[in-house]
Each structure stands twice: as C-alpha cells, then as structure tokens.
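**Q** quick one, structure for this:
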Amino acid sequence: MRVIVVGAGVVGTMHAWQAIERGHEVVQIEREAEARGASLRNFGQIWVSGRAGGEELETALRARELWEGIGARVPQLGFRAIGSLTPVRNDLELAVAEAAVARPDAAARGYKLVTADEARALNPALRGAFTAALWCERDAAVEPRTAQLALREALMATGRYTFLPGREVREVIGDNAVRDDHGDVHSGDAVVLCTGAWLGGLVREVAGEIPVRRVRLQMAQTDPLGEPLTTSVADADSFRYYPAYKSEALEALNAGQAQRPTAAAHKMQLLMVQRRDGGLTIGDTHEYEHPFAFDTLEDPYEHLTQVIEGFLGRPLPTIRRRWAGVYAQCTDTSRVVHRQQVRDGVWLVTGPGGRGMTCSPAIAERTANELNW
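**A** The predicted structure is shown next:
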C-alpha cells in the first residue's frame, strides 16, 4: 500500500510511522521546509495526569506506551519517563489533589499524594514553599523541537519513505490523490490530511466547516537552570483546566480562591519542563476569540516567573525565547480528535487540541486500524 500523508507535524508524522510499521510506502508532504506549528511550539509533555476518563485516558495511556517503545528505538527523540509534580500550598488546593488520588482510575494515572519532603526527594530543585504535591508517575517528556527530525530520520532509513517539503497541497483529485502547488500529483491507496491548525483553504473545500476551533497560546524557554529539574512541574491553576480534576473540591477552589488577575485574564496555568540542554520550557496562556492578538504580551511571563520562583526558591534563569503558537481543538473538548472521511480513500485528522504531542501515536494507530492498513 502507498499512503500519502499531508502535514509533517507530530500527528502527520505518527501516521507516517504507523504506515511504515505496517509495511507500507509513505509520501509525506509539508508546505514548510519543516513543520513550524504546535508540534514544535509545545512542552514536549506526554501528559497523562490531567486527561478525562474513558476514551481520552485510554488514548493517552496507549500513546504513553507507544512513545516509550518508539523512544527506545529512536534515542534522539529524547523520551524521558520523568513523571510530574503539582505542588499545592493550602487546604483548598490540597483537597483537589486528594480528590484526584481518590479517583477510581488514580492507579492507572500513577497518582500519589506526597509530602513536601517527598516531593523534594523526587525533584530536589523544588526548594520553595509548598505543603504537599500531586505526583503522577505516568507523565513523560520528549524534545519537541527535534522529535519530528529524529522520527523522520528513522523513517527514511526504511527506504519506503519520501519527504517532500515546501509543497502546499491545493487540491484533492478524485480518490486517493492530491495536487500540490508545484503542479505535481501524488496518488496512493490512501490519503490522510493532518493539517493541524490550517483549517481554511483545502480543508474547507473538502470538509466544509468542521467542529474544530483554533487556540492561541504563549510560552517561553529559559537559559539552562544549572541543575536537573527531574520532573515536569505544574501549579494548582492547572487543576482548573484539566478534566481529570473536576470534583466538588475543585468547585470549592474556584469559589474560594480566585486566580490572580493576570492568570484569569489569560486563562493561565503553569507547566514547566526541562529540555535536554538544561533550559526550561514554561507556559502557558489560552486565547479562543478570533481574531487573535498579534502581540506577545509580557504580563503572562511576569506571572509565570513569580510562580516558578516560588516553587524553586531561587531566581528563574533569563528567558531567551518567547513565542506564540496556535493549535486546533475539537469544539466538543471531550473528543480526542476530529477524524472524518472527506472522499473515498481520503481522511482528515485534526483537532487534538493540547493533546497532540501526548496522544498522536495512539491517534495514528486508531486511524490505521480503522482504515485496515
């Protein structure tokens, strides 16, 4: 079988990986020289801890298993089973963590409530003030800026993979074929459009208006910390944004402890992961209303700096990179992804939202199973 994959972000690349794994030939087409969207502008987190139960958790856990296997075969991916800690500072935050640990699926997520001393044993860089922490053993990380490069190098080594950068697909032709902006036609036995946040143009022509929205976020990366940050770190504001933490305790937190004004205005949480070079990726904000602002605002970074320094008990290293990114999210956020057959032999797969890096291997596996690759 010959599979045409449009889009070289992590979702597209994982579809290419699945096809190659099953013995097929793949042509992957990317409009940029390299993918430049949300697949690079993210934390690199394999984030099981906050996922909703049911299909979303099953998808995340399966993806976590697949990531670990792929990481063993592609060391340059930088897979690290580091887990995550969410420090809490008061009784309201602690009650949300306790409710999470009491969930029926807590063991599957690797949840454990730990004391401040136990948290510091897991992550000695957390020298600041907090009373306890929610530990999630199943969380992991990869290197987002280099993951696609590493995966593509492994795909090319099979001899059954072709990468065509700098080509924008303009038209779906009949069944199982696309035409790019060079005028070349690429045909196969299946076409998968993994277009990320590119929802206009070709996508609108072949699929119409789909139940997917675009979300903008801001993030940053610092100079090296100078010591290991041995786990991912989140703050208690993350409880407000992830469905796994929905509980009466969360309602009490929302009622009794408002977010700081900057955090509320930008729908913020702290997520923090150390890169292999020692720098920290930090964020993030959420913006849903179009048209998106084009400014990268400083207030959110000042807020993140204060929160991080409170956990670390030391100054944050200098921020060297600031960026904004846009990802595609299903408007029904309980859906893991929007998967739609738009023509015979042509499928559109988009909208995993902030779950793309986490869930992409399992999303691609399901596509391959449903298409009987």
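**Q** could you pull out the strands for the stretch 251-373 of the chain?
**A** With DSSP state E, counting those that start in this stretch as the criterion, the stretch 251-373 of the chain has strands at 271-274, 279-283, 319-330, 338-343, 346-350.
**Q** need phi/psi at Val169.
**A** Main-chain dihedrals, Val169, degrees, to the nearest 10: phi -70, psi 130.
**Q** longest helix of the chain?
**A** When the chain is parsed with DSSP state H, its longest helix is helix 55-73.
**Q** can you dump the C-alpha coordinates of it into PDB?
**A** The C-alpha coordinates for helix 55-73 follow below in PDB (Å, rounded to 0.1, in the frame of the first residue of the first chain):
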ATOM      1  CA  GLU A  55     -11.600   7.300  25.700                       C
ATOM      2  CA  GLU A  56      -9.300  10.200  26.400                       C
ATOM      3  CA  LEU A  57      -7.400   8.500  29.200                       C
ATOM      4  CA  GLU A  58      -7.300   5.200  27.300                       C
ATOM      5  CA  THR A  59      -5.800   7.100  24.300                       C
ATOM      6  CA  ALA A  60      -3.300   8.900  26.500                       C
ATOM      7  CA  LEU A  61      -2.200   5.700  28.200                       C
ATOM      8  CA  ARG A  62      -1.900   3.800  25.000                       C
ATOM      9  CA  ALA A  63       0.100   6.700  23.500                       C
ATOM     10  CA  ARG A  64       2.400   6.800  26.500                       C
ATOM     11  CA  GLU A  65       3.100   3.100  25.900                       C
ATOM     12  CA  LEU A  66       3.800   3.700  22.200                       C
ATOM     13  CA  TRP A  67       6.000   6.700  22.900                       C
ATOM     14  CA  GLU A  68       8.200   4.700  25.300                       C
ATOM     15  CA  GLY A  69       8.600   1.900  22.700                       C
ATOM     16  CA  ILE A  70       9.400   4.400  19.900                       C
ATOM     17  CA  GLY A  71      11.800   6.300  22.200                       C
ATOM     18  CA  ALA A  72      13.700   3.000  22.900                       C
ATOM     19  CA  ARG A  73      14.200   2.700  19.100                       C
END
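**Q** identify each buried residue in it, please.
**A** Neighbour counts using 16 or more other Cβ atoms under 10 Å place Glu56, Leu57, Thr59, Ala60, Leu61, Arg62, Ala63, Arg64, Leu66, Trp67, Ile70, Gly71 of helix 55-73 among the buried residues. Heads up, the C-betas are built off the backbone N, CA and C, glycines and all.
**Q** okay, now the sheet partners of the following helix or strand past that helix, with direction.
**A** Using DSSP states H and E, the helix or strand that follows helix 55-73 towards the C-terminus is strand 84-88. In the sheet, strand 84-88 lines up against strand 132-136 (antiparallel), strand 232-234 (parallel) (DSSP bridges).
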